[in-house]
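S.K.: 3D, please:
(2 chains)
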Amino acid sequence: MTHATLRELTDAVHGFSPRPDHVPGCGPCGDLESRLEQELALLRRADGRVARAPRRASFAPVAFAAAVLVAITVAIVLYRVETPAINGAQDPKKEPPTVEKLIQAALGGDADALKALRAKGPAILRLLVDARLAAGETKGSGDVSDLVFEFKKAAAADSELFAKLDAIQVTVDMSKAPLGETIDYFREVSGLNMAIDEEGITGDHEITINLNGATLRRIFDLLCLNEKLEYDLRCGVLLISTPERLWGKPKAEPAVVPLTENQVKAAREWIAVLAKESPEERAKACTELLKLGRAVVPLLAEAANGKDKAIAAHCKDLVDRLTPKLVAGAIPREGTWRSQKLAKADAEIFTKLTTMKIDLQFKDANLSDIIGFLRDFTGLNFVIEEGVEKTASVLKTKDLSAAHAIELLTLTHGLDVKIEGGVVVIFTQKK
Amino acid sequence: MNVATPPDAKLLVERHYAAVWSLARKLTRDDATASDVAQETFARALAHIDEDGIHSVASWLFKIATNLVRDQHRRRWREEPRSDGVEPPCESILEKNEDLARVRRALDELPTESRAAMVLHLQEGLTVPEIAFILDITDHAVRNKIHRALSRVRSQLSEES
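M.R.: Numbering: from 1, shown residues only, chains lettered A, B, ... in the order given. Now for the predicted structure:
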């Protein structure tokens, strides 16, 4: 057993990286983690003595300074006087671009921006995925998709699946096929284990795709881009789900930049256009309002409560589109049993489950039925804890380890798995 | 270039002055200098504000303030000492729990850039990419700075005991 290093634990406690899988079942690591948490709290307390400015900010000197600088700026613009910047190193115009700006540049085909993003590593995967899905097909979306694939591969414990996605070529001609049938087809022709996250994917997805001899990677990139979905390796299979379910929510919502007076004025004018009869004009107004981002929500909310019913309906829709959706947490990468400190007999059970290969073909099956089958097949004892929701599931796998099959069955349905006293226990995930 | 009009300027100052002053105070350890830095930060921000080009106003203001403090310290800027690779046990900070003043002093004695990284992380709760943007360094360098700062604080407290 390898203990987590001090650096790994510090990273986890400070929120720089996920908690090492080893920690939950390890007493010494748990103790050190707890002390590091206390250390962090102490540092925050010690460093938090300066809370507020001692006096209310005086606006007059700043306004005066601004007025002087405005005058200088106007003079420079009008007379085009070549003057050096106040301080080149501090000129905000020369600030390095943010990750978000680099992504937008890369989506526009900027090779240097792509290089800068590659240097930042898989930590920016979630931001890349979101931007790529929002942008659709652009000049640089292919390169950004390649980078997303590269980062997924780097983060995966087993990169063999990604190598196969890159190597296997398939011809496909589907028109308005249900997502489930589409994945069944790819599973059949490729021999790879694939699954749909039933809990995460809502609504009907009808797939129309016609490609001749394309790699599975290209096909899945296109399919997911069109359906606003994503794919990654989970529980030993290629799992198709939403970005939120695969990688969780972004750590922080992007900051909302307040609207300027001119933008407020323009927003009010576009809201008035929403009452017009012409669908083209209304669509244009919607686009322009969406471009203003979440900062325009208060104005839209105000209009949504106004007297004009047509404007109110459009504004409610726009508020809905601009409001971040609350989503469930990410699917855990592994079941609790992989981080448990197992007794010898329980460790043997776990080894048996990881080495035993299994083929499953269940559709709309009850959890109890599938567990009953696994009990018969493995000869092991299984228990489903009280209160576990026994929803119907689709589970189709071929030559997958029993441990991964059980994780796929549980982790994607808000459940978890552990081994206690010689029994495999299915329980509800802790929130 | 778009220049902020007075109402925008007032809004900007009202919303962000306290946070910028607090950051400047932590980096300069002096109320009057912090006020000067905050005033200068907003003066520069108002002169350069670009309505379409700024993603996060707070991060942008923090960046200007950090750069101003860095300029003030430039003459006594020194190479940040590197960890010798042998980390003292992390308990060394906790053992001094009863004496917050010593922990504060150890934090205050960090090099300016490490101090800025720690303040932005511990007090402002910014993410690593946000701190990287403000300090003009990579995400990896931010994490390294914080690790080195922690190591240094632990060492200092350990020596004092």
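
S.K.: buried set for stretch A:219-229?
M.R.: For stretch A:219-229, a neighbour-count test (16 or more other CB atoms under 10 Å in any protein chain shown) marks A:Ile219, A:Phe220, A:Asp221, A:Leu222, A:Leu223, A:Cys224, A:Leu225, A:Glu227, A:Leu229 as buried. Bear in mind the C-beta positions are built from the backbone N, C-alpha and C, glycine included.

S.K.: State the mean pLDDT of it.
M.R.: Stretch A:219-229 comes out with an average pLDDT of 89.

S.K.: now what about it, what contacts it?
M.R.: Residues outside stretch A:219-229 that contact it (CB atoms under 8 Å, 6 or more residues apart in numbering or on different chains) are A:132-133, A:136-137, A:141, A:145, A:149, A:165, A:170, A:172, A:179, A:182, A:186, A:201, A:205, A:207, A:209, A:211, A:230-231, A:238, A:240-242.

S.K.: Verify the contact between A:Cys171 and A:Leu216 for me.
M.R.: Check again: residue A:171 is Thr, not Cys. No - taking contacts as CB atoms under 8 Å, A:Thr171 lies outside contact range of A:Leu216: 11.5 Å.

S.K.: Between these two, which has more neighbouring residues?
M.R.: Legend: neighbour count by other CB atoms under 10 Å in any protein chain shown for A:Thr171 and A:Leu216, higher for A:Leu216 (23 against 11).

S.K.: show me the contacts for residue 109.
M.R.: Since no chain was named, I'll use chain A. Contacts of A:Gly109 (CB under 8 Å, 6+ apart): A:Thr138, A:Lys139, A:Gly140, A:Asp143.

S.K.: The chain in question should be chain B.
M.R.: B:Glu109 is in contact with B:Gln156, counting by CB under 8 Å, 6+ apart.

S.K.: repeat for A:Gly306
M.R.: A:Ala312, A:Cys315.

S.K.: just checking, what packs against the helix or strand containing A:Leu102?
M.R.: Using DSSP states H and E, A:Leu102 sits in helix A:99-107. Applying 3 or more CB pairs under 8 Å, 6 or more residues apart in numbering or on different chains; DSSP states H and E, one finds that helix A:99-107 contacts helix A:111-120, helix A:125-135, helix A:141-155.

S.K.: so after the lowest-mean-pLDDT helix or strand in chain B, what's the next helix or strand?
M.R.: Least confident helix or strand, chain B: helix B:91-94 with a mean of 44, by mean pLDDT, DSSP states H and E. The helix or strand immediately downstream of helix B:91-94 is helix B:100-108, counting by DSSP H and E.

S.K.: Point out the other helices and strands that that next one packs with.
M.R.: Packing contacts for helix B:100-108, counted by 3+ CB pairs under 8 Å, 6+ apart, involve helix A:27-46, helix B:112-122, helix B:139-160.

S.K.: pretty sure A:Val417 is in a strand, no?
M.R.: Yes - A:Val417: assigned to a strand according to DSSP: H, G, I helix; E, B strand; the rest coil.

S.K.: What are the contacting residues of the helix holding A:Leu102?
M.R.: With CB under 8 Å, 6+ apart as the contact definition, helix A:99-107 has outside contacts at A:97, A:112-114, A:116-117, A:120, A:124, A:127-128, A:131-132, A:135, A:138-141, A:143-144, A:147, A:254, B:55, B:129, B:133.

S.K.: mind listing what's buried in that helix?
M.R.: Buried residues in helix A:99-107 (16+ other CB under 10 Å): A:Val99, A:Glu100, A:Leu102, A:Ile103, A:Gln104, A:Ala105, A:Ala106, A:Leu107.

S.K.: returning to that earlier point: make TSV out of the buried residues of stretch A:219-229 and add distance to B:Arg44 and secondary structure.
M.R.: Below are the buried residues of stretch A:219-229 laid out as TSV (distance: CB to CB, whole Å; DSSP: H, G, I helix; E, B strand; the rest coil):
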residue	distance to B:Arg44	secondary structure
A:Ile219	51	helix
A:Phe220	48	helix
A:Asp221	44	helix
A:Leu222	47	helix
A:Leu223	48	helix
A:Cys224	44	helix
A:Leu225	42	helix
A:Glu227	46	helix
A:Leu229	44	coil
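
S.K.: got JSON lines for these, with distance to B:Thr28 too?
M.R.: Shown next, in JSON lines, are the buried residues of stretch A:219-229 (distance: CB to CB, whole Å):
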{"residue": "A:Ile219", "distance to B:Thr28": "57"}
{"residue": "A:Phe220", "distance to B:Thr28": "53"}
{"residue": "A:Asp221", "distance to B:Thr28": "50"}
{"residue": "A:Leu222", "distance to B:Thr28": "54"}
{"residue": "A:Leu223", "distance to B:Thr28": "55"}
{"residue": "A:Cys224", "distance to B:Thr28": "50"}
{"residue": "A:Leu225", "distance to B:Thr28": "49"}
{"residue": "A:Glu227", "distance to B:Thr28": "52"}
{"residue": "A:Leu229", "distance to B:Thr28": "50"}
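
S.K.: follow-up on the earlier one: A:Ala12 is nearest to which of the helices and strands packed on helix A:99-107?
M.R.: Evaluated with CB to CB, those place helix A:141-155 nearest to A:Ala12, the distance being 16.1 Å.

S.K.: how about the CA coordinates for the very next helix or strand once past the closest one, as CSV?
M.R.: For helix A:141-155, the following helix or strand on the C-terminal side (DSSP H and E) is helix A:160-167. Extracted in CSV, the C-alpha atoms of helix A:160-167 (Å, rounded to 0.1, in the frame of the first residue of the first chain):
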residue,chain,number,x,y,z
GLU,A,160,-6.1,1.4,-24.4
LEU,A,161,-9.7,2.3,-25.0
PHE,A,162,-8.7,5.7,-26.4
ALA,A,163,-6.1,4.1,-28.7
LYS,A,164,-8.9,1.8,-30.1
LEU,A,165,-11.2,4.8,-30.6
ASP,A,166,-8.5,6.3,-32.7
ALA,A,167,-7.8,3.1,-34.7
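
S.K.: Could you list the low-confidence segments of chain B?
M.R.: By pLDDT under 70, the low-scoring segments of chain B are B:1-10, B:49-55, B:74-99, B:160-161.

S.K.: swap the cut-off to 50 and go again
M.R.: B:1-7, B:75-97 (pLDDT under 50).
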